[in-house]
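# Pasting a predicted model and its sequence here:
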Amino acid sequence: MTVQREVMAVDQDSKPRLSVFSKMEKMIVAMAKADNENGIVMRAKRNLFSDQIQSFSGCDIVDWLKRQYNITDVKEACYLATNLCQYGYIYPIDFKLSSYTVKYDRSAEYRFQAPYFWPFRKDGTADSIKYAIYLQKRSLRNKQKHGLEPYEQEAFDKLLKVFADKKEFIEKQAREQVSEAKKQRRTEKILLDLQERAFWRVHRPRPGCIQTMEEGPKRYFQPSQMAARRRKNKDTYRAEIKFLKKALEKPKPKLSKVLESYLTWNEQYQEYDPFLDQNAALPSNPWISDDTLFWEANDTLVKIPTELRVKKWAISFFNLMKDEQGSHEFEVFLSTEYSQENIRFWKEVEDMKHGPRSMIEESVNRITSEFLSNNAPREINIDSKTLETVNRNKEEMKGKPESLRYIFDPAQEHIYLLMKKDSYPRFLRSDQYINLKEMAHNQPIKKRFFGFGSGKTQIKRQTPSPKLKRRSTSSEREANSDISGDSPIHSITPMHSYSTGNLKDMDMKQTPSSSSGLSPGQTRRRSDEPGRTRSMNAGDPRRKSNLEVPRSFPISTEKRKSDATLLSLNVPAKNNIVAPWEGNQ
């Protein structure tokens, strides 16, 4: 609330807290540190009341700001210190009009304000009743030292009229505070008086001074209401009619067609979204695991892009140009066809549109001399009508840097359509794109396994695993199995399949026997122990179990040769799951 001559706002109890005040408070806390190395040193000075009060000069705070924030200009440091003073975080000992501005001077002395009196503190609100109590307290004390100034006396008279029903309460509170102040020591009373005066100087400044805590006028109408009250003339109605005519001319497809197009688009791009499809984030989803290899493989420019990234370029020309890696590969292809100037022109115009305003005129002249002039070293293929439109736009927008950003739009659109219809289909059929797909399809991707204490990595390819030859039947495996772990059963590499095959040949007694047959880095589960498995299957001729993914075992060369001649179909057991069509026929 600001006391003025005509109008005095009474209900200004709560204001929004800005982030700048939190930064100022951190700055004051760093200044007020007790150590001499990081904080400001306080020195005892004798004030106008002839008492020793610790304070610091304007030079001290300016030097601290320059040292702490690497400020080279003294004016900038003085401006920052002045803001701290005007917002009430520091206050001068001598309250003069010139003390509102902090100068690089050793004669002006300042102190840190108590946190209770900082702006926007819940316990230190600056409402009108507290201001009336403060003025009443000063009027009850010595008028020579604590007398009210003319503007304060005028504000006090207005407050007594406004709070006429609370006059007794205000006077009672003021007398209690005066009696409490008499019990304090002289130095404490002087400091409290200085702090209160500094607080109310910020929230109730004298006329003609800066009102730092004042907010702008409140908006009584919403922007839509203000627009409704705006007067409409002929131009307004003409613009509205033109807009409505354009809206009527636009084709309006059926809702069913719109939904169908949305579904088609979703199905097309679903395999490229890691949140919708797990295979889109190979080798692992970085939002789920701690492996960042997916982000590294999909960096802006990489040696070999991923397979999904290359496949996405074939969906549309927009996807190719949006990807920086794709536009780079397309530029390399255009250089082989001696039409590299088209994409170079398109990129130069895009950089000019999103570049700084100060470089627009220079960019326009450079693009014109390089691509559009008569003797241009990289002249692009555009028709005379488009070139005439560009030159006309350049003459009309001369002297308007902001409007010069879009003078090449007709030529850029012409080149974009030319590349989309002519060069883009040839790029998809070129050997360069085909080789990129093959390299991306066959590149190894390192996948990280987060096991218990296992920090090993395993190489995983995006291609399917090679097909292995047919293995032996269950009867042969039973005959060749033993407990030592040296039998051929421990050298078979099982493959995963969802086929169950012929259930009559299922081996009920086939289990891996010894831990010596396990591959390195694997641990045996309790269900894989031989004794436990036999005890479970002793009384049940038809064992029921769910299909599980088998563990990996090394395969021997002798066993692979012996299995190649077998023609019988193998029934998948728990550790032997192979589809019938995956072996030699």
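In hand now; what should we look at?

# Check the spacing between the nearest residue to residue 336 once chain neighbours are set aside and residue 419 real quick.
Using C-beta to C-beta, 6 or more residues apart in numbering and skipping residues adjacent in sequence, the residue nearest residue 336 is residue 432, 7.8 Å away. (Glycine included, C-beta is placed from N, CA and C.) For residue 432, the distance to residue 419 (C-beta to C-beta, to the nearest Å) stands at 15 Å.

# okay, those two: which has more neighbours?
Using other C-beta atoms under 10 Å as the criterion, residue 432 and residue 419 rank with residue 419 on top: 20 against 12.

# how near is that one to residue 144?
Distance of residue 419 to residue 144, given as C-beta to C-beta: 88 Å.

# Please give me every residue in contact with residue 353.
Residue 353 makes contacts with 405-406, as judged by C-beta atoms under 8 Å, 6 or more residues apart in numbering.

# Now it: phi and psi?
phi -60, psi -40 (degrees, to the nearest 10).

# Retrieve the pLDDT associated with it.
Note on residue 353: pLDDT of 90.

# With residue 457 instead?
Reported pLDDT for residue 457: 41.

# Name the next helix or strand downstream of the helix with the most length in the chain, please.
Using DSSP state H, we find that the single longest helix of the chain is helix 186-203. Using DSSP states H and E, the next helix or strand after helix 186-203 towards the C-terminus is helix 223-229.

# Can I get that next one in PDB, CA atoms only?
Output of helix 223-229 as PDB, limited to C-alpha atoms (Å, rounded to 0.1, in the frame of the first residue of the first chain):
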ATOM      1  CA  PRO A 223      -8.200  -9.600 -22.600                       C
ATOM      2  CA  SER A 224     -11.300 -11.100 -24.300                       C
ATOM      3  CA  GLN A 225     -13.500  -8.500 -22.600                       C
ATOM      4  CA  MET A 226     -11.200  -5.700 -23.700                       C
ATOM      5  CA  ALA A 227     -11.300  -7.000 -27.300                       C
ATOM      6  CA  ALA A 228     -15.100  -7.100 -27.200                       C
ATOM      7  CA  ARG A 229     -15.200  -3.400 -26.200                       C
END
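
# Mind checking the pLDDT average for that helix?
70.

# send the alpha carbons of the helix or strand that it is followed by over as PDB?
Scanning forward in sequence from helix 223-229 by DSSP H and E, the next helix or strand is helix 234-249. Extracted in PDB, the C-alpha atoms of helix 234-249 (Å, rounded to 0.1, in the frame of the first residue of the first chain):
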ATOM      1  CA  LYS A 234     -14.700  -1.000 -41.900                       C
ATOM      2  CA  ASP A 235     -11.200  -2.500 -42.000                       C
ATOM      3  CA  THR A 236     -12.000  -4.700 -39.100                       C
ATOM      4  CA  TYR A 237     -15.200  -6.100 -40.800                       C
ATOM      5  CA  ARG A 238     -13.300  -6.500 -44.100                       C
ATOM      6  CA  ALA A 239     -10.600  -8.500 -42.400                       C
ATOM      7  CA  GLU A 240     -13.200 -10.700 -40.700                       C
ATOM      8  CA  ILE A 241     -15.100 -11.300 -43.900                       C
ATOM      9  CA  LYS A 242     -11.800 -12.300 -45.700                       C
ATOM     10  CA  PHE A 243     -10.900 -14.700 -43.000                       C
ATOM     11  CA  LEU A 244     -14.300 -16.400 -43.000                       C
ATOM     12  CA  LYS A 245     -14.300 -16.700 -46.800                       C
ATOM     13  CA  LYS A 246     -10.900 -18.500 -46.600                       C
ATOM     14  CA  ALA A 247     -12.400 -20.800 -44.000                       C
ATOM     15  CA  LEU A 248     -15.300 -21.700 -46.200                       C
ATOM     16  CA  GLU A 249     -13.000 -22.400 -49.200                       C
END
